[in-house]
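Novice: Output the structure for:
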Amino acid sequence: MEATISFKLFLYLVVVFSAIFHEYCHAWAANTLGDPTAKYSGRLTLNPLRHLDPVGTVFLPLFLLFFWGGFIGWAKPVPYNPYNLRDQKWGGVKVAISGPAANFLIALLIGLIIRFGPTIGILNPVSFFYISLSWIVYVNIVLGLFNLIPIPPLDGSKLLTDIFPNFKIANFLTTSFIGIFLALVLAIMFLPFVSNYIYYIIVGLPFPSLIF
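Specialist: Sure, this is the predicted structure:
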């Protein structure tokens, strides 16, 4: 069944706001750990306009949704100064993991509603609302996993270099274009399988690849 325009727009909004919440949590974590750089840059907010990235939040997700049938996206990276963090050993790791963790937390909380909602009679498993929640869970799993890919400029590369400071990523991967291109290739190849599996673990049912 071909996806409707309303479904694609809904999915686009889910991708955008999930990516924005991801970046907000980076800003919150950095500020909590002692670095106010993101706060002073106006990024400690859920205002979408402060986080929009022309490519990752506008062009790419819309292009993929309407011309490819898939989705991925990101918001403008949050600036932070690791030297301001009180925890110099693990502070950078905490800031880096906070974004993907936010996506996984959304997926877990809504996934548990999907899992137990029908049992206690608050959710109809064939309803529009059920399918919408399922897609929110799935999108956040995909975004969380995508950002954990250890290729610059994604969070996974920051985690890798913070945990293994002597590990050097090749210089040609440090440019945003090459890094994102390779990350997209890996995402297309592997993320659907891994995301479906994680969805099943959380919800207890296969992902209902239905549209409206």
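Novice: nearest residue to the spatially most central residue of the chain other than its sequence neighbours?
Specialist: Nearest to the geometric centre of the chain sits residue 143, at 2.9 Å (Cα atoms, centre = their mean). Distances taken as Cβ to Cβ, 6 or more residues apart in numbering place residue 103 nearest to residue 143, at 4.8 Å, with adjacent residues excluded. C-beta coordinates here come from the backbone N, C-alpha and C atoms, glycine included.
Novice: Can you classify the residue nearest to the centre of the chain as helix, strand or coil?
Specialist: helix (DSSP: H, G, I helix; E, B strand; the rest coil).
Novice: if we can go back for a sec, would you list the phi and psi of the residue nearest to residue 143?
Specialist: In terms of degrees, to the nearest 10, the main-chain angles of residue 103 are phi -60, psi -40.
Novice: burial count for it?
Specialist: If you count neighbours by other Cβ atoms under 10 Å, residue 103 ends up with 24.
Novice: what's the first-to-last distance across stretch 116-126?
Specialist: In stretch 116-126, first residue to last residue: 14 Å (Cα to Cα, to the nearest Å).
Novice: Let the chain start at 22 from now.
Specialist: Yes, from this point I'll number from 22; that puts the last item at stretch 137-147.
Novice: give me the number of residues near residue 142?
Specialist: Residues lying near residue 142 (other Cβ under 10 Å) number 7.
Novice: need the contact list for it.
Specialist: With contacts defined as Cβ atoms under 8 Å, 6 or more residues apart in numbering, residue 142 has no neighbours.
Novice: could you measure it against residue 69, distance?
Specialist: Counting by Cβ to Cβ, to the nearest Å, the separation of residue 142 from residue 69 is 35 Å.
Novice: Am I right that residue 45 is in contact with residue 68?
Specialist: No - distance between residue 45 and residue 68: 9.2 Å, which falls outside the contact criterion (Cβ atoms under 8 Å).
Novice: host element of residue 49?
Specialist: Secondary structure assignment for residue 49, by DSSP states H and E: helix 26-53.
Novice: So which residues of this structure form helices?
Specialist: 26-53, 58-61, 81-88, 112-137, 149-168, 176-184, 197-224 (DSSP state H).
Novice: count of residues packed around the residue lying closest to residue 97 once chain neighbours are set aside?
Specialist: Nearest residue to residue 97 in three dimensions, chain neighbours excluded: residue 74, at 4.2 Å (Cβ to Cβ, 6+ apart). A total of 16 residues lie near residue 74 under the criterion other Cβ under 10 Å.
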